[in-house]
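In: Provide a 3D model corresponding to the input given below.
(chains A and B)
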Amino acid sequence: MDIQRPRGTRDFLFEEMKERKEIETTLRRVFETYGYGEIKTPLFEDLALFTMKSGEGIVEQIYNFQDKGGRDLALRPELTAPVARLYINELQKSPKPLKMYYFGSCFRYERPQKGRWRQFWQMGCELIGGKSPESEAEIIAMATHSLEELGLTDFEIHIGNLGIIRGILDQADVEKGVQDIIMAIIDKGEIDELLKTLNELKIDPKTSEILLTLVGLVGHREIIKEASEIIKDSPESVEALEELEELLDILEAFGFSNYTVNLGIARGLDYYSGIVFEIYARSLGAQKQISGGGTYNLIEIFGGEKVESTGFAFGFDRLVECVRQCGRAKSLPKTVDVYVAPISKELKLKAFEVAQILRKNSIKTEVDLVGRKLKKILSLANNLQADYVILVGERDLEEGKVTMKDMESGKQELVEIESLTQEIKELLKAA
RNA sequence: GCCGGGGUGGGGUAGUUGGUUAUCCUACGGGACUGUGGAUCCCGCGACUCGGGUUCGAAUCUCGGCCCCGGCCCCA
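Out: A predicted model of the protein is given here:
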């Protein structure tokens, strides 16, 4: 019988887990320095939680099932909906703003390819209540800060405000449903298709022209000026643009000016209400988006009181890939510092004793468990890159000592068992 | 869902105009070698992704499945 891993899933081995854990730890540290606390939600939820948010259509891409009680459940395909649910269930009356972060795996039934798996990890945060350019800026600053802490530099952060385009559409009396169709096309970035659709929908030429120009505005601060010329007849858009500008000012105060203003970001779904941002890592190829976020009104959709929240999530697996490409994979910690080897079988119990002394002092210690010959142990210790091998032999033991062999130099010395821990700790620290 | 490239011991590979026992490296187990050679040498273990077809004969040709890689669609 040959059982294979399900399609689109991965096994992570020792080295890779160390790498992932290090990235996870770094992000946790950054999130916590900004005052976010960790939460965790279940791996599966009521299917309706996701269809409510994204429409029935997404069931196609969800791992869903009925449990023995006939409940329609789904492995979560993302984490913002569960987090909103958690908020409504547990935290609605808590003081705002509420800052929380999460890390966990999600599942989507999709065709696997580079940067896309059927089980993947997201790490992100949510700031609920207290919507303001200040909190939005802080979130973007935190996302950027996180990437810097990981040593990444080759990324672009694009910021936009949906209110600008929505304002133009409102001004032209385009109804909500039609707006959503247009936003979806803008999100794809297909200019030709957008042009075609605007014609088909009989949007007036002036509005179409404004939209096409706005969507093409991508650049630094100066495009705000260009945009403000174009939209000056729509008060709603003017307000949104001012809001965006204020956000950029604040962001600079937080120390980040390396952003791109991109009015073409639309983020398909209609509950996004204000600023949106996406981060790309060019080196990743087709699946280059490593993060997406913005301000939205999701909680109300789920029946909570109206509260806006701002959040973003990193595609954790893609971050791992970036860090790896960046070659900044720090030297990984060794698995073992010391290997304890009994010189003869009779001394194995003594070897265990010695190993335990070291382990209780937090020294990473391996000891022979299968009666290997000394030569074999030295060979293994060498392959594991252990720093020292402790040879436990009868002659030394008579004096209460063991032999400590430096695997780098090959030199060895007799050490009192009592002072062994101390000695090794100092040597490891020095190295 | 679509297009293209792949799949040989645990890891990395050679071999593919069909033809003995499928190559080498590494890892692993044992030995030469009993408190010390981590070197060297010897021995061992272990693979053609799965199924059908063509053929006297298939890792090799062919069809299909599975899985992987790159891209398209999608991407909450």
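
In: Tabulate the CA atom coordinates of stretch A:18-33 in CSV.
Out: Output of stretch A:18-33 as CSV, limited to C-alpha atoms (Å, rounded to 0.1, in the frame of the first residue of the first chain):
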residue,chain,number,x,y,z
LYS,A,18,13.1,25.8,11.7
GLU,A,19,13.0,28.3,8.9
ARG,A,20,9.2,28.7,9.1
LYS,A,21,9.3,29.0,12.9
GLU,A,22,11.8,31.7,12.7
ILE,A,23,9.7,33.8,10.4
GLU,A,24,6.6,33.1,12.5
THR,A,25,8.5,34.2,15.6
THR,A,26,9.7,37.4,13.9
LEU,A,27,6.2,38.4,12.8
ARG,A,28,4.7,37.6,16.2
ARG,A,29,7.3,39.8,17.8
VAL,A,30,6.5,42.7,15.5
PHE,A,31,2.8,42.4,15.9
GLU,A,32,3.1,42.3,19.6
THR,A,33,5.2,45.4,19.7
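
In: List the buried residues of that stretch.
Out: Neighbour-count burial for stretch A:18-33, counted by 16 or more other Cβ atoms under 10 Å, picks out A:Lys18, A:Glu19, A:Arg20, A:Glu22, A:Ile23, A:Glu24, A:Thr26, A:Leu27, A:Arg28, A:Val30, A:Phe31. (Glycine included, C-beta is placed from N, CA and C.)

In: go on, stretch A:393-406?
Out: Buried-residue list, stretch A:393-406, by 16+ other Cβ under 10 Å: A:Gly393, A:Asp396, A:Lys401, A:Val402, A:Thr403, A:Met404, A:Lys405.

In: now those residues in JSON lines, with distance to A:Ile377?
Out: Output for the buried residues of stretch A:393-406, formatted as JSON lines (distance: Cβ to Cβ, whole Å):
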{"residue": "A:Gly393", "distance to A:Ile377": "13"}
{"residue": "A:Asp396", "distance to A:Ile377": "16"}
{"residue": "A:Lys401", "distance to A:Ile377": "19"}
{"residue": "A:Val402", "distance to A:Ile377": "14"}
{"residue": "A:Thr403", "distance to A:Ile377": "13"}
{"residue": "A:Met404", "distance to A:Ile377": "14"}
{"residue": "A:Lys405", "distance to A:Ile377": "11"}
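
In: For the buried residues of stretch A:18-33, name the two members farthest from one another.
Out: Farthest-apart pair in the buried residues of stretch A:18-33 is A:Lys18 and A:Phe31; separation 20.5 Å (Cβ to Cβ).

In: what number of residues lie near the residue in the stretch 151-300 of chain A positioned nearest to RNA strand B?
Out: In the stretch 151-300 of chain A, the residue that lies nearest RNA strand B is A:Gly285 (2.8 Å; Cβ to the nearest atom of the strand). Using other Cβ atoms under 10 Å, A:Gly285 has 11 other residues around it.

In: go on, the one 4 residues further on?
Out: Each residue near A:Gln289 was counted by other Cβ under 10 Å, and the total is 15.

In: Got the confidence number for it?
Out: Listed pLDDT for A:Gln289 reads 93.

In: dump the residue contacts of it.
Out: A:Glu278, A:Ile279, A:Tyr280, A:Gly315, A:Arg318 (Cβ atoms under 8 Å, 6 or more residues apart in numbering).

In: Do I have it right that the first one meets A:Tyr272?
Out: So the one you mean is A:Glu278. No - A:Glu278 is not in contact with A:Tyr272 according to Cβ atoms under 8 Å; the separation is 11.7 Å.

In: quick revisit: mind putting the contacts of A:Gln289 in JSON lines, secondary structure, neighbour count and pLDDT included?
Out: Formatted as JSON lines, the contacts of A:Gln289 follow (DSSP: H, G, I helix; E, B strand; the rest coil; neighbours: other Cβ atoms under 10 Å; pLDDT from 0 to 100):
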{"residue": "A:Glu278", "secondary structure": "strand", "neighbour count": "21", "pLDDT": "94"}
{"residue": "A:Ile279", "secondary structure": "strand", "neighbour count": "27", "pLDDT": "96"}
{"residue": "A:Tyr280", "secondary structure": "strand", "neighbour count": "17", "pLDDT": "94"}
{"residue": "A:Gly315", "secondary structure": "strand", "neighbour count": "26", "pLDDT": "96"}
{"residue": "A:Arg318", "secondary structure": "helix", "neighbour count": "22", "pLDDT": "94"}
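
In: so where's chain A shaky on pLDDT?
Out: For chain A, the stretches with pLDDT under 70 are A:1-2, A:268, A:327-334.

In: Let me see the domain layout of it.
Out: A:14-41+A:76-325, A:338-430 (automatic domain parsing).

In: Turn those into CSV, including distance to A:Gly69.
Out: Formatted as CSV, the domains of chain A follow (distance: least, Cβ to Cβ, whole Å):
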stretch, distance to A:Gly69
domain A:14-41+A:76-325, 19
domain A:338-430, 46
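
In: now, of those, which is deepest in the fold?
Out: Mean neighbour count (mean count of other Cβ atoms under 10 Å) peaks for domain A:14-41+A:76-325 among the domains of chain A, with a mean of 18.

In: Off-centre distance for that one?
Out: 14 Å (Cα atoms, centre = their mean, to the nearest Å).

In: for stretch A:56-64, same thing?
Out: On Cα atoms, centre = their mean, the centre of stretch A:56-64 falls 23 Å from that of its chain.

In: Please enumerate residues in contact with it?
Out: The contact list for stretch A:56-64, computed with Cβ under 8 Å, 6+ apart, reads A:47, A:50-51, A:72-75, A:77, A:107-110, A:118.

In: start to end distance for that stretch?
Out: With Cα to Cα, to the nearest Å as the measure, stretch A:56-64 spans 12 Å from end to end.

In: Tell me the buried residues in it?
Out: Buried, per 16+ other Cβ under 10 Å, within stretch A:56-64: A:Ile58, A:Val59, A:Ile62, A:Tyr63, A:Asn64.
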